[in-house]
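Visitor: Give me a 3D structure for the following:
(one chain, ligands or ions: 1)
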Amino acid sequence: MEKLHRTFPGTPPVEALRGVGFTVRAGEAVGLLGGNGAGKTTLLKILSTLLLPSAGTAHVCGIDLAGDGRRARRHLGVVFGGDRGLYPRLSALDNIMFFGGLSGRHRHLRAHALAALEEVGLADRAKSRVETFSKGMRQRLHLAVGLLDRPCLLMLDEPTIGLDLMEAERVRETIARLARDGTAVVLTSHYPTDIDRLAGRVVLLDSGTVSHDLPIAEFRRQAGFTAEVRLSGPGVAPRDAAVLLSDASPRIHQDEKGWRITFQVAAWDAAVLDRLTEVVRRHPVTDIDVDSPGVEAVLRRLALNHA
Ligand SMILES: Nc1ncnc2c1ncn2[C@@H]1O[C@H](COP(=O)(O)OP(=O)(O)OP(=O)(O)O)[C@@H](O)[C@H]1O
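Guide: Reported below is the predicted structural model:
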């Protein structure tokens, strides 16, 4: 994508995209993030040829999306979250055959449809009506439709929305496998876990422009700390522990079961470890949890800086 602009007419006009450009390589999964109204859906619509940009260009597998949308579409897969866009009274196989037919694919359609169902773990339910499917199964069927043409670019808009933990994980596993096998993936999600688990890179949109485009490890470093540590123990929170850790802004939580002190480590070094050891030596610490910052911590920090 290069310098993509999209303005929606109105008074005043809305500039949804203001010069967005980035590249997604084969086998790369990019997490497309941004608050409500940042421009994610507009961008996905342009990339799936549903909307033309006001200016700028985008290519998929070397094909100009605006110039030859029909040919480009054969290389694109689009998966939206939620229940939209399936025919409940048709079987899974008939749904996928229908959408395959619409995209102009006729040769070996049935065999490809069955292979896509196999890929998402629905082969044994191929003949069942979609109205008998759980949300997770419907979402996997959406994925199967998106996979039918073996797209080189797969776009997923909130692919795990409304799914339980197990189903969300199954969907994520399928997406991760596709990226490993060489598909370029662009994924939006308001669930940080999706991005943490899947994205190799994060592109953050802010009011229609790219504010961050970083490998995931570097994006996580924007959180401003290396680790969050939680110490807990029985009884009353030790005051000197908070003093020992004072430059790490410790937060103390006390309840009837005991205490918990949470603090952030900017960078691990001997001084931090010494102070931690001192707390453990002086007090009956029963648990130490250490977490690296995830995407959520970064987004929280950026939102705070914004405010
Ligand atoms: N058809 C339209 N007509 C007018 N304005 C629109 C239209 N579609 C989107 N917009 C506006 O463009 C901006 C970007 O919207 P978009 O839906 O792309 O954001 P988003 O990042 O997908 O947000 P969300 O996370 O809430 O889905 C918003 O200000 C929105 O109101």
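
Visitor: helix/strand/coil for Asp289?
Guide: Three states are possible here, and by DSSP: H, G, I helix; E, B strand; the rest coil the one that applies to Asp289 is strand.

Visitor: how near is it to the ligand?
Guide: 32 Å (CB to the nearest ligand atom, to the nearest Å). (Each C-beta comes from the backbone N, C-alpha and C, glycine too.)

Visitor: what's the neighbour count on that residue?
Guide: The local packing count at Asp289 equals 12, with neighbours defined by other CB atoms under 10 Å.

Visitor: which residue sits closest to it, ignoring its sequence neighbours?
Guide: When the adjacent residues along the chain are set aside, Asp289 lies closest to Arg230, with 4.3 Å between them (CB to CB, 6 or more residues apart in numbering).

Visitor: Tell me who's in contact with the one you found.
Guide: Shown in contact with Arg230 (CB atoms under 8 Å, 6 or more residues apart in numbering): 260-262, 287-291.

Visitor: Got a PyMOL select line for the buried ones in the residues you listed?
Guide: The buried residues among the contacts of Arg230 can be selected in PyMOL (16 or more other CB atoms under 10 Å) with this line:
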select buried, resi 260+261+262
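
Visitor: Closest one to Glu158 out of the contacts of Arg230, please.
Guide: Using CB to CB, Asp291 is the member of these that sits closest to Glu158, with 25.1 Å.

Visitor: Tell me the spacing between the closest one and Gly21.
Guide: With the distance defined as CB to CB, to the nearest Å, Asp291 ends up 34 Å from Gly21.

Visitor: ditto for Val79
Guide: Going from Val79 to Gly21 by CB to CB gives 24 Å.

Visitor: Tell me which of these two has more neighbours.
Guide: When Val79 is set against Gly21 and neighbours are counted by other CB under 10 Å, the residue ahead is Val79, at 23 against 15.

Visitor: Which helix or which strand is home to that one?
Guide: Here Val79 is covered by strand 76-80, with elements defined by DSSP states H and E.

Visitor: any residues touching that strand, and which ones?
Guide: Judged by CB under 8 Å, 6+ apart, the contacts made with strand 76-80 from elsewhere in the structure are 44, 47-49, 60, 142-143, 145-149, 151, 153-159, 183.

Visitor: hmm, 7 Å instead?
Guide: If you take CB atoms under 7 Å, 6 or more residues apart in numbering as the criterion, strand 76-80 is touched by 48, 60, 142-143, 146-147, 149, 151, 153-157, 159.

Visitor: and it, does that touch the ligand?
Guide: No. Among the residues of strand 76-80, none lie within reach of the ligand under CB under 6 Å from any ligand atom; the closest is 11.3 Å away.

Visitor: can you give me the offset of that strand from its chain's centre?
Guide: With CA atoms, centre = their mean, to the nearest Å as the basis, strand 76-80 stands 14 Å off its chain's centre.

Visitor: Tell me which residues touch Leu198, please.
Guide: The neighbours of Leu198, taking CB under 7 Å, 6+ apart as the test, are 29, 31, 172, 175-176, 187.

Visitor: And for His190?
Guide: Glu158.

Visitor: can I assume it sits in a helix?
Guide: No. Counting by three-state DSSP, His190 falls outside a helix, being coil.

Visitor: Is Phe98 in a helix, a strand, or coil?
Guide: helix.

Visitor: Alpha carbons only: can I get the strand holding Val79 in PDB?
Guide: What follows is the C-alpha trace of strand 76-80 in PDB, where atoms were taken according to Å, rounded to 0.1, in the frame of the first residue of the first chain:
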ATOM      1  CA  LEU A  76      -7.600 -12.200  -1.600                       C
ATOM      2  CA  GLY A  77      -9.400 -13.900   1.300                       C
ATOM      3  CA  VAL A  78     -11.600 -11.900   3.600                       C
ATOM      4  CA  VAL A  79     -13.000 -13.200   6.900                       C
ATOM      5  CA  PHE A  80     -15.300 -11.100   9.100                       C
END
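
Visitor: neighbouring strands for that strand, and are they parallel or not?
Guide: Using DSSP bridges, the neighbouring strands of strand 76-80 in the sheet come out as strand 153-157 (parallel).

Visitor: Which residues does the strand it pairs with contact?
Guide: 24, 41, 44, 47-48, 60, 75-81, 146, 175, 178, 183-188.

Visitor: what about 8 Å?
Guide: With CB under 8 Å, 6+ apart as the test, strand 153-157 has contacts from 24, 40-41, 44, 47-48, 60-61, 75-81, 146-147, 175, 178, 183-189.
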